[in-house]
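Novice: kindly return the folded structure for what I paste below:
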Amino acid sequence: MFVRNFIKRSVTSTRASTIYDDLRDIKIPPETSICALVRITDQMKNLCGAILPTTDQMQEKDLFLSRIQQSINGVLDDAIVAPFGSAVNGFWTPNSDIDLCVQVPGCRTRASQIEALRKVASCLHSISSHYIEPRFTARVPIIHWAPRKTGYLACDISINNNLAVVNSRLIGAYSQIDPRMVELGMTIKHWANARAINDRSRGTLSSFSLLLMLIHFLQRRTPPLLPSLQDMAIEMNQTPSYCLGSDIRYVTDPVLIERELDRISANSQCINQESSGELLLEFFRYYGFTYRQGVIAIRDLRSFHSMDVSSDAHVYLLVDNPFEVGKDVANVSPNQHSRIRQEFRRAFSLLESGASLEEVCSSSPSATTSVSQRNQAGSYPTDPPLRSLGPSRIVRNTRNTRQR
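Specialist: You can find the predicted model right below:
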């Protein structure tokens, strides 16, 4: 159940109370602007209805997880199977793989984690519907457990990847605040996949990075749609909770979140009533034009200091890890920077001209499409060169209380 029903809420406003107030800054022809955005919003809702799982599919996923837990219980004592990624953050689809973290007490070294994965593989090997593909040389060792034919769920299994679990639950908490975030998140993931920029292994954006970019954007609307759940926890002096040395506290109480949203609305003298279609247009505008470089974060970073703070402001698409400040979770290849920015601009230009969501999300003919072809939707000014992130930076928290 969503925290707020944004349609029914009402706050006195000094500006006209219409979801299209901010259209004065959008270049869609006035006679088609409202209709175009309403149509895009409806298309987004239809897309979500088509790709989000049914109740039966959710039950199938839960049964799948339960059976894996039962199998692993026979080879690893006190192990707990904890899903993460889209399986828990509110953006899972039946076509998605399931990411699993097997929490094994005392299994801290890479060697011990690989040994635990071998035990997991041994117990899953007897299941004839799937095959096992070890990936022990990956940065995080996993086994890929894939079906031999369509219609079955696949999963990637890791050991004690606990921060990934916490990160996924944080995204899930945000997805419960406002229904527009789910509509936007599902649409943006669908668009990025269709345009071939949603594959971290190829140097483009991961789904996790895209969702953090969305939260960052929604926190910066006027008024904001989302608060910072981590900042709220610190401001309320909630007791710190640690995982692998990182403070993982964030607010989950719906009453406290609703109260913060009311405070934000009162400060802005209005609530955010932008439609999902309008927000999608502005998301593409933001990352296509407004954002040029710098850290993309969903929490206040002023209480954190890095050894090279000045360089952060000149890095393109540095998406900060919510619980490991200073760690870039995007790691976009420098040779993909221009292409990704052009994709944001293409999507904005098409939406601005009144194109359908289907046109915006049309499949990219090739991941190596030339800039001139991608730029057919409009010509844009030349941007300064993009800088990639250099060597890893050591980051420390200099104080527990933020100074606002």
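
Novice: excluding its backbone neighbours, what's nearest residue 268?
Specialist: Among residues not flanking residue 268 along the chain, residue 223 sits closest, at 3.4 Å (Cβ to Cβ, 6 or more residues apart in numbering). Yep, even glycine has a C-beta here, placed from its N, CA and C like the rest.

Novice: that neighbour contacts residue 271, correct?
Specialist: Yes: between residue 223 and residue 271 there is a contact under Cβ atoms under 8 Å: 6.6 Å.

Novice: what about residue 137, neighbour count?
Specialist: By other Cβ atoms under 10 Å, the residues close to residue 137 number 7.

Novice: where does it fall, secondary structure wise?
Specialist: Assigned by DSSP states H and E, residue 137 belongs to neither a helix nor a strand.

Novice: how about the contacts made by the residue nearest to residue 284 when sequence neighbours are not counted?
Specialist: Among residues not flanking residue 284 along the chain, residue 348 sits closest, at 3.8 Å (Cβ to Cβ, 6+ apart). Counting by Cβ atoms under 8 Å, 6 or more residues apart in numbering, residue 348 touches 281, 284-285, 288-289.

Novice: before we move on, the earlier item: next, the residue nearest to residue 268: phi, psi?
Specialist: Residue 223 has phi and psi values of phi -80, psi 160 when expressed as degrees, to the nearest 10.

Novice: what about the helices in the chain?
Specialist: For the chain, applying DSSP state H gives helices covering 30-51, 55-73, 86-89, 110-124, 162-175, 179-194, 207-219, 229-235, 254-268, 276-285, 309-312, 337-352, 357-360, 371-374.

Novice: now for residue 292, how many residues are close by?
Specialist: 12.

Novice: just residue 224 next, same as before
Specialist: There are 18 residues near residue 224, going by other Cβ under 10 Å.

Novice: mind checking the end-to-end distance for stretch 320-339?
Specialist: Using Cα to Cα, to the nearest Å, one end of stretch 320-339 lies 21 Å from the other.

Novice: compare the helices of the chain and report which one is nearest to residue 80.
Specialist: Nearest to residue 80 among these is helix 55-73; the distance by Cβ to Cβ comes to 7.7 Å.

Novice: what's the angle from that closest one to helix 110-124?
Specialist: Between helix 55-73 and helix 110-124, the angle comes out at 110 degrees (axes from the mean of the first three to the mean of the last three Cα atoms, to 10 degrees).

Novice: so what secondary structure elements neighbour helix 55-73?
Specialist: Here helix 55-73 touches strand 80-84, strand 98-103, helix 110-124, going by 3 or more Cβ pairs under 8 Å, 6 or more residues apart in numbering; DSSP states H and E.

Novice: go with 6 Å
Specialist: For helix 55-73, there is no helix or strand it packs on, judged by 3 or more Cβ pairs under 6 Å, 6 or more residues apart in numbering; DSSP states H and E.

Novice: buried ones in it?
Specialist: For helix 55-73, a neighbour-count test (16 or more other Cβ atoms under 10 Å) marks 61, 64-65, 68, 71-72 as buried.

Novice: if we can go back for a sec, how much space between the residue nearest to residue 284 and residue 354?
Specialist: Distance of residue 348 to residue 354, computed by Cβ to Cβ, to the nearest Å: 12 Å.

Novice: residue 129 now?
Specialist: Counting by Cβ to Cβ, the gap from residue 129 to residue 354 is 47 Å.

Novice: next one: residue 49
Specialist: Residue 49 sits 23 Å away from residue 354, going by Cβ to Cβ.

Novice: between the two, which one's more packed in?
Specialist: The neighbour count for residue 49 versus residue 354, taken as other Cβ under 10 Å, is higher for residue 354 (16 against 9).

Novice: so what touches stretch 145-154?
Specialist: 64, 97-98, 124, 129-130, 132, 155 (Cβ atoms under 6 Å, 6 or more residues apart in numbering).

Novice: one more time with 8 Å, if that's ok
Specialist: 60-61, 64, 97-98, 124, 128-133, 144, 155-157.

Novice: and stretch 250-268, by the same measure?
Specialist: 3-4, 9, 11, 170, 173, 176-177, 222-224, 227, 229-230, 232-233, 236, 238, 271-272.

Novice: from the residues you listed, list just the buried residues.
Specialist: Buried members of those, scored by 16+ other Cβ under 10 Å, are 3-4, 170, 173, 176-177, 223-224, 227, 229-230, 232-233, 271-272.

Novice: looking at the helices of the chain, which is nearest to residue 297?
Specialist: helix 207-219 (6.6 Å).

Novice: CA atoms only: put that closest one into CSV for me.
Specialist: These are the backbone C-alpha positions of helix 207-219, laid out as CSV (Å, rounded to 0.1, in the frame of the first residue of the first chain):
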residue,chain,number,x,y,z
SER,A,207,19.2,-1.0,-13.6
PHE,A,208,20.4,-0.1,-10.0
SER,A,209,22.2,3.0,-11.4
LEU,A,210,19.1,4.1,-13.4
LEU,A,211,16.9,3.8,-10.3
LEU,A,212,19.3,5.8,-8.2
MET,A,213,19.3,8.4,-10.9
LEU,A,214,15.5,8.5,-10.9
ILE,A,215,15.4,8.9,-7.1
HIS,A,216,18.0,11.7,-7.3
PHE,A,217,15.8,13.5,-10.0
LEU,A,218,12.6,13.1,-8.0
GLN,A,219,14.2,14.5,-4.9
